[in-house]
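**Q** Below is the structure, and that's it, no one-letter string:
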């Protein structure tokens, strides 16, 4: 489940803590300026068009003249909350404005019933492999938000084996299935000697489960070495099991991240520049910078990094919003979206909250 932060509040924890404007700025930000700034941000999120004073005057019932709004916008620009792309153009929110918007002005959007149903339906027929669940989570997020999405599998405490099973397929092969406490299932077809019939394979499965249940993958390796010495006729199948356990241990120590909708960023005018778009896509392909960014605050429920706060050049015009989900064994995973700074933050936070809860439920269900 997602912990620490209510999904119905504005208490968003960020890389730099919950931030407020410096004292002088906050004093200058009276209620009227805040209302105008929020209207500008809301309008720009929807249109991606620089916002002028006449637009605010016509679309938002503030009881203020266009001239008054224009003067307030000039003050907001001096305070660093607005930028003016061109002399004759309207204003656009700065990264500082989005930070204030997220920390103090935002009210999380209520999810549509269709979104909630969509999230649940996508996980009703769960595939047993962790990789498939993580990949599906990323795809659902991308579909619901229209942004680039990511999902990272749990990483933390070493996985504990719950059971091990050998299912005969043919005279010389069997399906080996290993289930861990994280709801993670590893399976592989292995070669078995013809003298090991279904009864023999069942007996091996039960014996091994009794000896390795509750042990870590590392401890299981040692148990398998002992079992291999005890029975010469089982060495071949034991060696195959040991190999799969080693693979599971190796992959468990590495972050498993999936991206979906990488080209979605091209739908936003901010990334109409070919070189800029290429840099973004290259960043996703290499993964290293993204992984480093995600692993910084995996224990925090929600994280919103806006533009320069990411510390990644290719993401200076993007926001990265993530949520942490926690499994019963204490391991954490991360889901999130990457989009332009004029992101629909309220709706994104609502979707991430619902998705995190569903993902935790799916990955923990085998232990109930």
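**A** On my side now, so go ahead. Just so it is clear, the structure is predicted and the values come from calculations on it, not from any experiment.

**Q** Give me the distance from stretch 286-299 to the chain's centre.
**A** When distances are taken as CA atoms, centre = their mean, to the nearest Å, stretch 286-299 is centred 11 Å away from the chain's centroid.

**Q** all helices of the protein, in order?
**A** For the chain, the helices defined by DSSP state H cover 23-28, 31-47, 53-59, 66-78, 95-100, 113-122, 130-145, 198-212, 217-230, 235-252, 274-286, 288-294, 345-364.

**Q** which parts of the third one are buried?
**A** Going by neighbour count (16 or more other CB atoms under 10 Å), the buried part of helix 53-59 is 53, 55-57. All C-beta atoms are positioned from the backbone trio N, CA, C, and that covers glycine.

**Q** quick one on the thing from earlier: and residue 170, which of the helices of the chain is closest to it?
**A** With CB to CB as the measure, helix 198-212 is the member of these nearest residue 170 (11.1 Å).

**Q** Would you work out how far apart the start and end of stretch 122-134 are?
**A** End-to-end distance of stretch 122-134: 12 Å, with CA to CA, to the nearest Å as the criterion.

**Q** my bad, stretch 317-333
**A** 25 Å.

**Q** begin at 13 from here
**A** Let's use 13 as the start, then, which means that last one is stretch 329-345.

**Q** For residue 245, grab the count of nearby residues.
**A** Residues lying near residue 245 (other CB atoms under 10 Å) number 10.

**Q** One more: residue 292?
**A** Per other CB under 10 Å, the neighbour tally for residue 292 reads 22.

**Q** go on, residue 352?
**A** Residues lying near residue 352 (other CB under 10 Å) number 18.

**Q** that older thread, please convert the helices of the chain to JSON lines, extending it with distance to residue 334.
**A** Formatted as JSON lines, the helices of the chain follow (distance: least, CB to CB, whole Å):
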{"stretch": "helix 35-40", "distance to residue 334": "27"}
{"stretch": "helix 43-59", "distance to residue 334": "19"}
{"stretch": "helix 65-71", "distance to residue 334": "32"}
{"stretch": "helix 78-90", "distance to residue 334": "29"}
{"stretch": "helix 107-112", "distance to residue 334": "16"}
{"stretch": "helix 125-134", "distance to residue 334": "17"}
{"stretch": "helix 142-157", "distance to residue 334": "11"}
{"stretch": "helix 210-224", "distance to residue 334": "35"}
{"stretch": "helix 229-242", "distance to residue 334": "27"}
{"stretch": "helix 247-264", "distance to residue 334": "21"}
{"stretch": "helix 286-298", "distance to residue 334": "15"}
{"stretch": "helix 300-306", "distance to residue 334": "6"}
{"stretch": "helix 357-376", "distance to residue 334": "7"}
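
**Q** how about those in CSV, adding mean pLDDT and distance to residue 327?
**A** CSV is the format used below for these (pLDDT from 0 to 100; distance: least, CB to CB, whole Å):
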stretch, mean pLDDT, distance to residue 327
helix 35-40, 54, 25
helix 43-59, 93, 18
helix 65-71, 92, 29
helix 78-90, 94, 24
helix 107-112, 94, 11
helix 125-134, 76, 26
helix 142-157, 87, 17
helix 210-224, 91, 43
helix 229-242, 88, 35
helix 247-264, 82, 27
helix 286-298, 91, 7
helix 300-306, 86, 8
helix 357-376, 86, 16
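
**Q** With residue 337 as the reference, name the closest of the ones you listed.
**A** Proximity to residue 337 (CB to CB) singles out helix 357-376 among the helices of the chain, at 4.1 Å.

**Q** Against which helices or strands is the closest one packed?
**A** Contact partners of helix 357-376 among helices and strands, from 3 or more CB pairs under 8 Å, 6 or more residues apart in numbering; DSSP states H and E: helix 125-134, helix 142-157, strand 314-318, strand 330-338, strand 344-352.

**Q** now the angle from it to helix 142-157?
**A** Relative orientation of helix 357-376 and helix 142-157, computed by axes from the mean of the first three to the mean of the last three CA atoms, to 10 degrees: 160 degrees.

**Q** Now do residue 94 against residue 291, distance only.
**A** 26 Å (CB to CB, to the nearest Å).

**Q** Could you check which of these two is surrounded by more residues?
**A** Neighbours per residue (other CB under 10 Å) separate residue 94 from residue 291, with residue 94 holding more: 26 against 14.

**Q** What sits closest to that one if chain neighbours are left out?
**A** Counting by CB to CB, 6 or more residues apart in numbering, the nearest residue to residue 94 once its immediate chain neighbours are dropped is residue 103, at 4.0 Å.

**Q** quick one: that neighbour and residue 86 touch, right?
**A** No. Between residue 103 and residue 86 there is no contact, the gap being 9.1 Å when judged by CB atoms under 8 Å.

**Q** what about the two, which has more around it?
**A** Remark: of residue 103 and residue 86, residue 103 carries more neighbours, 24 against 14, as counted by other CB under 10 Å.

**Q** Any idea how many residues pack against the closest residue to residue 258 other than its chain neighbours?
**A** Setting aside the residues directly before and after it, residue 258 is nearest to residue 233 in space (CB to CB, 6+ apart), at 6.7 Å. When neighbours are counted by other CB under 10 Å, residue 233 registers 15.

**Q** what's the distance between residue 233 and residue 261?
**A** As judged by CB to CB, residue 233 and residue 261 stand 8 Å apart.
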